[in-house]
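K.L.:
sharing a sequence plus its predicted fold:
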Amino acid sequence: MRDFVELTGIVIKSMPIGDFDRRVTIFTKERGKVYAFARGARRINNQMMGFARIFAYGKFKLFEGRDSYNIVNADIANYFEEVSSDIESTCYGTYFLEMLDYYTKEALVDIESLKLIYYTLSALTKKSIPNRLVRRIFELKLMTINGEYDLHSGMKDKTALYTWEYIIYSKPEKLFNFVITEEALTEIEKTVDIMIKKYIDRHFHSLDILQDIL
């Protein structure tokens with residue numbers, strides 16, 4: 001009998017394999033990061049095309065083989081179309097996925113990070129909060145979840161300092177409900193950049209594209 005599993009998660013990476021297939025990385029609620037093949041996903045009108053798209057969030061039915069998974073079916077709850085249809089939002093979202101891929105591990109359950117990426121992408125679809133702020137909230141919170149952050153940042157601006165502590169201590173679902181002054185945001189940006197250089201040893205290529213269009 002075949003072994004099937006149903007995992008809830010989001011596609012964070014999708015790459016072509018052969019002439020017709022794709023290999024996807026899905027960050028899941030139950031098993032952390034998993035790798036799966038979407039057979040026929042490069043064929044026009046094949047249903048696997050939708051299952052293998054980055055940003056696709058939902059429940060994936062997978063055949064669990066000895067060394068890998070194969071997508072059998074999926075119930076996609078959110079494709080984040082508003083993100084993928086806007087070039088700036090796409091660049092931000094791709095960067096978030098790349099950073100998430102850097103931090104997450106196979107077989108390591110990390111529900112907070114899954115919540116974070118969902119609410120972060122949702123925030124990109126709103127006009128009430130600047131994408132610059134969404135980015136810094138995501139960066140700081142993801143690093144906080146992984147224990148790589150500075151609590152006492154030395155910032156002078158009181159609003160920036162309060163915002164910094166709020167991001168660190170708040171749940172992901174509470175993070176994207178405020179705006180701050182330009183002065184506070186600029187100080188947070190500078191401080192997060194310093195922290196990233198301190199803790200992260202990888203260059204994110206999607207960030208280059210983002211910087212080029214801004």
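P.N.:
Arrived safely, thanks for sending.

K.L.:
let's verify the closest residue to residue 25 other than its chain neighbours: helix, strand, or coil?
P.N.:
Nearest residue to residue 25 in three dimensions, chain neighbours excluded: residue 13, at 3.9 Å (C-beta to C-beta, 6 or more residues apart in numbering). Yep, even glycine has a C-beta here, placed from its N, CA and C like the rest. Three-state call for residue 13 (DSSP: H, G, I helix; E, B strand; the rest coil): strand.

K.L.:
tell me the contacts of the residue nearest the centre of the chain?
P.N.:
Nearest to the mean C-alpha position of the chain, by C-alpha atoms, centre = their mean, lies residue 97 at 3.6 Å. Neighbouring residues of residue 97 by C-beta atoms under 8 Å, 6 or more residues apart in numbering: 12, 13, 54, 55, 117, 206.

K.L.:
filter those to the buried ones?
P.N.:
Neighbour-count burial (16 or more other C-beta atoms under 10 Å) applied to the contacts of residue 97 gives 12, 13, 54, 55, 117, 206.

K.L.:
where is pLDDT lowest across the contacts of residue 97?
P.N.:
Across the contacts of residue 97, the bottom pLDDT score, 91, is held by residue 206.

K.L.:
so how far is the helix or strand encompassing it off the chain centroid?
P.N.:
Element membership for residue 206 (DSSP states H and E) is helix 205-213. On the basis of C-alpha atoms, centre = their mean, to the nearest Å, helix 205-213 sits 16 Å off its chain's mean C-alpha point.

K.L.:
show me what counts as buried in it.
P.N.:
So, applying 16+ other C-beta under 10 Å, buried residues of helix 205-213: 206, 207, 210.

K.L.:
many thanks, have a good one.
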